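**Q** need coordinates for the following:
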Amino acid sequence: MITITTCRAGIACGLLALALARPAMGQSDPALDRGRRLTGWLLEGNADSLHARMSPTFRTQIGGVEGLRKFLDQVARLGDETGEPQEVVYQEAGLVSYYRIGSFQTLPGGTIHWIWDSAGTVQGMLVRPTPQPAPSEVADRETRTTLRLPFDGQAYVAWGGRQAHQNYHVESADQRFAYDFFLLDQGRIRRGSGTRNEDYACFGRPILAPAAGTVKAAVDSVPDNAPQRMNPRVPPGNHVIIDHGRGEFSVLAHLQRGSVRVRPGDRLDAGTPVGMCGNSGNSSAPHLHYHLQTRPRAGEGVGLPARFHRYRANGREVPTGEPVRGQTVQSAHH
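**A** Prediction:
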């Protein structure tokens, strides 16, 4: 497997890309055409054409053209594609992510994933068995707590949904239905180079209790990471866990150090500020990780579907729903 993506251990919330995304489907989409062409070269073993379109960094990581040829030899062992693949493209300002989900003669379920920039230069590639969502006995369960989005203003859903290409969290039982949100400033996730936490619209923005409840855990001492660096020793970083009753606990993770203003035992109303968005723990850029679970400690219990009430997704009113990757969402509670 070749992969140039972020670490995914514990609550690992790295960015695939830092900009607004939209799913794009259709036979004439240029991104689909490019993804198909790259995949064709991959399956044909055309190392020269692929190497010519890779970024210098990726060429080094893959071991140059000789390393690429060795990798293509491994891919050839998969055999021909069988059946019709599913194709999904996320268009992101500066980056495009193409997923091809199908089967091969020796791999019943496989995913090919390409990432390229606006110039068409390949920045990353992954070939792997298609990730399978963790088994769940609660996938059809209705959320008992009336949840609002845990922030005001607009946010981009970087990871959310029930399929692996929408949400890498689906592989973890405790985070099966988790979300990563990036708060926006005039439609942008960041300004500047992105080398400072302060470049991100999220950083320092208030994070709110999504519903009434009692604080069960509050951690405030984990340092914020520099962007693109992660702290796997304390995966959730600074975080707050709220008991909403009826076996539902909200986890709000990666908060800014020194910003957590609640303590265990505090009784909160929906919309009460609990801290500021940060970049602590196993996180590569400032954002909010949120999920609902069955236990009062991070990393324990079973993940629960988290359906939010009264919000807008891409400008449309949603009475109750689950945000998915690529949407811009905004609470209607203010």
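
**Q** quickly find the element holding the nearest residue to S259 once chain neighbours are set aside.
**A** Setting aside the residues directly before and after it, S259 is nearest to M276 in space (C-beta to C-beta, 6 or more residues apart in numbering), at 3.6 Å. Just so you know, the C-beta spots here come from the backbone N, C-alpha and C atoms, and that holds for glycine as well. In the assignment (DSSP states H and E), M276 maps to strand 273-276.

**Q** show me what that strand pairs with in its sheet, parallel or antiparallel.
**A** strand 206-208 (antiparallel) (DSSP bridges).

**Q** which residue is the nearest non-sequential neighbour of the residue nearest to the spatial centre of the chain?
**A** Ranked by distance to the mean C-alpha position of the chain (C-alpha atoms, centre = their mean), the top residue is W159 at 3.0 Å. If you skip the residues right next to it in sequence, W159 has D180 as its closest partner in space, 4.2 Å away by C-beta to C-beta, 6+ apart.

**Q** next one: V215
**A** In space, V215 comes closest to D266 once its chain neighbours are excluded; the distance is 4.5 Å by C-beta to C-beta, 6+ apart.

**Q** which parts of the chain belong to which domain?
**A** The domain map for the chain lists 21-129, 154-331, with the assignment taken from automatic domain parsing.

**Q** looking at those, which one has the lowest mean pLDDT?
**A** The minimum mean pLDDT among these belongs to domain 21-129 (a mean of 90).

**Q** that one: how far from the chain's middle?
**A** 20 Å (C-alpha atoms, centre = their mean, to the nearest Å).

**Q** 182 is where my numbering starts, stick with that
**A** Okay, using 182 as the starting number, the last item reads as domain 202-310.

**Q** which residues in the protein form helices?
**A** 211-225, 228-233, 237-243, 245-257 (DSSP state H).

**Q** out of the ones you listed, nearest to Q344?
**A** Between Q344 and those, the tightest spacing by C-beta to C-beta is seen for helix 211-225, at 17.3 Å.

**Q** who's in contact with the closest one?
**A** Residues from elsewhere that reach helix 211-225, judged by C-beta atoms under 8 Å, 6 or more residues apart in numbering: 205-207, 227, 230-231, 234, 253, 256-257, 261-262, 268, 270, 272, 277, 279, 281, 293, 295, 297, 301, 303, 306, 308.

**Q** swap the cut-off to 7 Å and go again
**A** In this structure, residues lying in contact with helix 211-225 by C-beta atoms under 7 Å, 6 or more residues apart in numbering are 205, 207, 230-231, 253, 256, 268, 270, 272, 277, 279, 281, 293, 295, 301, 303.

**Q** give me the subset of these lying in strands.
**A** Secondary-structure check on those using DSSP state E: residues within strands are 205, 268, 270, 272, 277, 279, 281, 293, 295, 303.

**Q** E352: which of those residues is nearest?
**A** The shortest approach to E352 among the ones in strands among the contacts of helix 211-225 belongs to I293, at 18.0 Å (C-beta to C-beta).

**Q** didn't the closest one look like it was pressed against Y279?
**A** No - counting by C-beta atoms under 7 Å, no contact exists between I293 and Y279, whose distance comes to 8.2 Å.
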